[in-house]
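K.L.:
kindly return the folded structure for what I paste below:
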Amino acid sequence: MESDVSDELIEVVEDEPTEIEETKYKYIVGIDLGTTNSAVSYVDLTIKDSEKNKIRFLDIPQLVAPGEIGQRSVLPSFLYLPGPYDMPEGSTSLPWDTERKYAVGEIAREQGAVVPGRLVSSAKSWLCHGRVDRTAKILPWGEGTDVEKVSPVEASSRYIQHIREVWDETMARGREGHGLEEQMVYLTVPASFDEVARELTVKASGQAGLKYIKLMEEPLAAFYAWLYQHEKDWQNIMKPGQLIIVCDVGGGTTDFTIIAVVEGENGLCFNRLSVGEHLMLGGDNMDMTIARNVEAQLCGRPGQLDSNRWHELTHQCRKVKEGLLSEKHDKQEMDIAIMGTGGKLIASTLKTPISTSQVEELIIEGFFPFVSFEEKQESGSRKGLMEWGLPYVQEPAITKHLAAFWQRSVPILEEETGRTNPFPDFLLFNGGSLTPAIIRNRIRDAVQKWFHDVAGKEWSPRELHNPKPELAVAVGAANYGIARTFDGIKVGAGSPRTYYVEVSHSQGEEKGDKSRKAVCLVPRSSEEGFDSQLRKPEFEVLTNKPVAFTVFSSNTRIGDKMGDIVMLSEEEITLLPPINTVLKYGKKKEVIPLPIHLEVRLTEIGTLELWCNSQKTTHRWQLQFDVRLGGTPPAQSSLSTETLDSETIELAIKEIQKVFEKERSGNPESLLKNMTSIMELDKTKWSMPVIRKMADTLFKFKQGRSFSPQHEARWLNLLGFCLRPGFGDPLDDWRTKGIWKIFLEGLSFSDKHQCRTEWRILWRRVAGGLKAGQQLEVYEQLFPSLPLGETKSKKKKYHKTPKGKMLSHEGQEIWMALANLERLPVDIKETLGRQLLERFSGEKLNPKELWALSRLGARIPFHGPLDKVVSAQEVSTWLNKLLSSNPEASNALAHALVQLGRSTGDRGRDLPDNDKGNIIKWLDNVPNGDQYKELINNPESALGKSEQEWIFGEALPPGLVISSEE
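P.N.:
Modelled structure (predicted):
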């Protein structure tokens, strides 16, 4: 799990000094931590002559070949983890660390092209990948256990560490107070980086030894770089009301920002008006597009190369792209050759030429096509293919994203500038992907076409010259530091978003289908460091009871002030991570309403902090966002569910109370029948809010499970049913704490097989809500009960471990429970899968055990993170063993094979084509086999109802469906 940033590691500085004599820093340093390249610039604050405030670049010594150091203007953001034989001993030694066992920079990039299985790239993109544990050792993605992996945070930290070491070696040797850890560092991040990615960037900086940092948004830094170059003439170029688009397309992300020229008290100044959404789309995608095209030329169709050769091909395509599109390059064609493998190394080498016109067509028409300004983007949150394990956006057309961004921003632009039908006056391009003039010209021509009706047919947006896009962000970061330290020209960069907290509708107040009633917490344009207490409206919250706070942001609404009560549509808001908590108050822990004020703060790293302050006492509670969610929760179903009146629900809940409050007051065996009769609705149609309310009642009367074995079996069965799948409701984290206490208590009647069976079913049903450590403890308790043996670890003993003779069906329930523990370490899953395969014999296979195998080896997890998916190589051996016994055709086996062989688009998880072919061939014998084949062949195919129920093992609560997207 991702941990909070430690205050002991790093100090996020809130206010810089305004006089050079007062500063404790000797340098202002700007670091561009890029997806593909990192760069460093600095200002020497001790210089007071004509060179004062001059920005200089730090050339970065790095390994460029084994044992060879070279100076480079940038540090390629690549990490190589050598094996025992792929590089000569001492190849990664550095002058300041002769024992260094890894390499970053140019040698890492080049050596990684030869041995891609040991290369870590795009670490910055992994920092904002919510389906993995970003602090876990998961990179290089999808590679074998012989590589000592690192986390995305650790990889980022190693780049920063190298920069710090270079600085200390070249700038601070023998000079007290000159080390990088003692300077003010401005580190850049994409403007669209979310709360988690920003916190993890700060964490990586702290691990690398930096003490004083401030995060800055990259598009804004690019504009500050332009201001540095035009410090004396920018006022002659621009006039009030004009608008600037910063279009920043780097290696892994695309960022848009709109800046307005405004009239200030002391002349012209700037305001940042709008920021685009997070787009994982950039040069990496272009390289892969070229690579897929070349792969089709070499192999007949895409998807044929293994992971290592695919990485090698992509690396070569990046070089070809940069070479053929460079203005200094006069060749019209370059060769791409992929070395063979095994004994026929030369014979199996693949080679093909690729021309400039091919590359231009693939990139220009694929990523920068002319699109209609009114053309609507596909709605929904679907992602593109998961190449390299990263969830790139589905729509590759950057011009389409730019048009949509401008359209969303129009109300803000009109409000702030007074212009009707505003259009951009200037374009500032940044990022290595926009270096080729042909790409910049295409974007400018597209923008011109969009606005020629209002701006005139001869009009064209003016390009603001950016001579060194690979260094501009670092320069801008340093210039921002100058502006803050010496009160220079600053861009008003308050929050581009408004923040809201959802409140309940008043009694009698009608709620629209898509309306959300909310109170404005932080108005748009609030500056970093904004800190205020919301006095009106007044709030009341229940203490000593789990409560959920829902917080939204909107980058399109304007005019909302702090405390305003507004109605929001789903289309104009973005949901922030949930806040689920219990406000503990008083010694008696009674549930009482308490009047509170909300206090809010925008931090210096661009995140939101929220507190509840009691109006009656000095109590103050910080509300923590749950920013470390693992996996993707089920999507909300668009299907309507039957609504029950509250009186009917209360009558059904009283049946629970009647059975479990007092001994002999109710019959547990007829409880479910009585509740169904009252509800007049089959239990599978009970909605999530209803069953969660039932679960809360079961917790309240948990002592009733000890009345008899029948009471315990019914209590466990009903609780698991009401809590399934362990997540999906805002308060499920709190309920998980309650269910974990039950686990530690154990069974009251462990000698009764029905209680043992319901115990195992309970943990299968709620597994999705358990943390990794909790799932491991469940495994440690359940696994020894299987006939095949003991666990490797015996650290924890349970005083009430289930005992007694085990029946055959109990073993099946244990397998199903273990298989649903998706956060278990991969090696445990692999062992379980192999042991389960040993049980298979003959043509007929047990459906429950097939289900368990399919969950252990699933290509797409239900609730777990992607880094805990069993490798494709391992599952390939399972599949071959499973099919070699000529099993009888059945729907159970078809479902299992689909889960083991589903296409994801991620070569690190997808099975080889021959394995998929074997599955498809076997499916010819199954009725409705074509619907299964679609899931094997197409990574964008959607799950049907039967597949959804198969994955979970039973029907999900109404209101939840499993998302087929990642």
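
K.L.:
SS state for the residue nearest the centre of the chain?
P.N.:
Taking C-alpha atoms, centre = their mean, the centroid of the chain lies closest to G130, which sits 2.0 Å from it. Secondary structure state of G130, per DSSP: H, G, I helix; E, B strand; the rest coil, is coil.

K.L.:
next structured bit after the least confident helix or strand in the chain by mean pLDDT?
P.N.:
Lowest on mean pLDDT, DSSP states H and E among the helices and strands of the chain sits strand 635-636, with a mean of 40. Following strand 635-636 in sequence order, the next helix or strand is helix 646-660 (DSSP states H and E).

K.L.:
need the residue in the protein that's farthest from the chain's center.
P.N.:
R664 (51.2 Å).

K.L.:
ok, and the closest non-adjacent residue to it?
P.N.:
F707 (7.8 Å; C-beta to C-beta, 6 or more residues apart in numbering). For the C-beta atoms, the positions are set from N, CA and C on the backbone; glycine is no exception.

K.L.:
surely the one you found meets E663?
P.N.:
Yes. Assessed by C-beta atoms under 8 Å, F707 is found in contact with E663 at 4.6 Å.

K.L.:
those two: who's more crowded?
P.N.:
Comparing F707 with E663 by other C-beta atoms under 10 Å, the one with more neighbours is F707, at 19 against 13.

K.L.:
can you list the low-confidence ranges for the stretch 401-550 of the chain?
P.N.:
505-514 (pLDDT under 70).

K.L.:
can you pull out the strands in it?
P.N.:
426-430, 462-464, 491-492, 498-502, 515-522, 531-542, 546-549 (DSSP state E, counting those that start in this stretch).

K.L.:
name the SS class of M567, please.
P.N.:
M567 - assigned by three-state DSSP - is strand.

K.L.:
so who does it touch?
P.N.:
By C-beta atoms under 8 Å, 6 or more residues apart in numbering, the residues touching M567 are G512, S515, R516, K517, A518.

K.L.:
what sits opposite it in the beta ladder?
P.N.:
K517 (DSSP bridges).

K.L.:
and G494, how far from R524?
P.N.:
Taking C-beta to C-beta, to the nearest Å as the criterion, G494 is separated from R524 by 7 Å.

K.L.:
what's the neighbour count on the residue nearest to E217 when sequence neighbours are not counted?
P.N.:
Spatial nearest neighbour of E217, chain neighbours left out: A191 (3.9 Å); criterion: C-beta to C-beta, 6+ apart. Burial of A191 is recorded as 26 neighbouring residues (other C-beta under 10 Å).

K.L.:
pretty sure R714 contacts P668?
P.N.:
Yes. The pair R714 / P668 is scored as a contact, 3.8 Å apart, by C-beta under 8 Å.

K.L.:
overlap of the contact sets of these two?
P.N.:
V659.

K.L.:
what about these two, which has more around it?
P.N.:
Per other C-beta under 10 Å, whichever of R714 and P668 has more neighbours is R714, with 26 against 21.

K.L.:
follow-up on the earlier one: neighbour count: G494 and R524, which is higher?
P.N.:
A count of neighbours by other C-beta under 10 Å puts R524 above the other of G494 and R524, at 23 against 17.

K.L.:
what's opposite the closest residue to the more buried one other than its chain neighbours in the beta bridge?
P.N.:
In space, and not counting its chain neighbours, R524 is closest to T498: 4.4 Å by C-beta to C-beta, 6+ apart. Going by DSSP bridges, T498 is paired in beta bridges with S554.

K.L.:
where do the helices sit along the stretch 1-150 of the chain?
P.N.:
Remark: helices assigned in the stretch 1-150 of the chain by DSSP state H, counting those that start in this stretch are 106-114, 123-126.

K.L.:
wait, isn't L94 in contact with V104?
P.N.:
No. The criterion here is C-beta under 8 Å, and L94 misses it with V104 at 9.9 Å.

K.L.:
which one's more surrounded, those two?
P.N.:
It is V104, of L94 and V104, that has more neighbours when counted by other C-beta under 10 Å, with 28 against 18.

K.L.:
now do the more buried one against S91, distance only.
P.N.:
13 Å.

K.L.:
ok, W167 next?
P.N.:
Distance from W167 to S91, counting by C-beta to C-beta: 24 Å.

K.L.:
which one's more surrounded, those two?
P.N.:
W167 (23 against 18).

K.L.:
separation between that one and E181?
P.N.:
9 Å.

K.L.:
next: F423.
P.N.:
46 Å.

K.L.:
more neighbours: the two, which one.
P.N.:
Between F423 and E181, counted using other C-beta under 10 Å, the more crowded position is F423 (20 against 15).

K.L.:
and the residue nearest to the more buried one when sequence neighbours are not counted, what is it in contact with?
P.N.:
Spatially, and ignoring its direct neighbours in sequence, F423 is nearest to F451 (3.9 Å; C-beta to C-beta, 6+ apart). Counting by C-beta under 8 Å, 6+ apart, F451 makes contact with F373, F423, P424, W459.

K.L.:
repeat the analysis, applying 10 Å as the threshold.
P.N.:
Listed by C-beta atoms under 10 Å, 6 or more residues apart in numbering, the contact partners of F451 are F373, W406, N421, P422, F423, P424, W459, S460, P461.

K.L.:
doesn't I364 fall inside a strand?
P.N.:
No. Counting by three-state DSSP, I364 is not part of a strand but helix.

K.L.:
tell me the spacing between the spatially closest residue to it that is not a sequence neighbour and T435.
P.N.:
Setting aside the residues directly before and after it, I364 is nearest to R442 in space (C-beta to C-beta, 6+ apart), at 5.5 Å. Look at R442 and T435: by C-beta to C-beta, they are 13 Å apart.

K.L.:
hang on, the earlier thing: find the residues that touch each one of L94 and V104.
P.N.:
Common neighbours of L94 and V104 (C-beta under 10 Å, 6+ apart) are Q62, L63, H162.

K.L.:
picking that back up, out of the contacts of F451, who's nearest S854?
P.N.:
W406 (46.3 Å; C-beta to C-beta).
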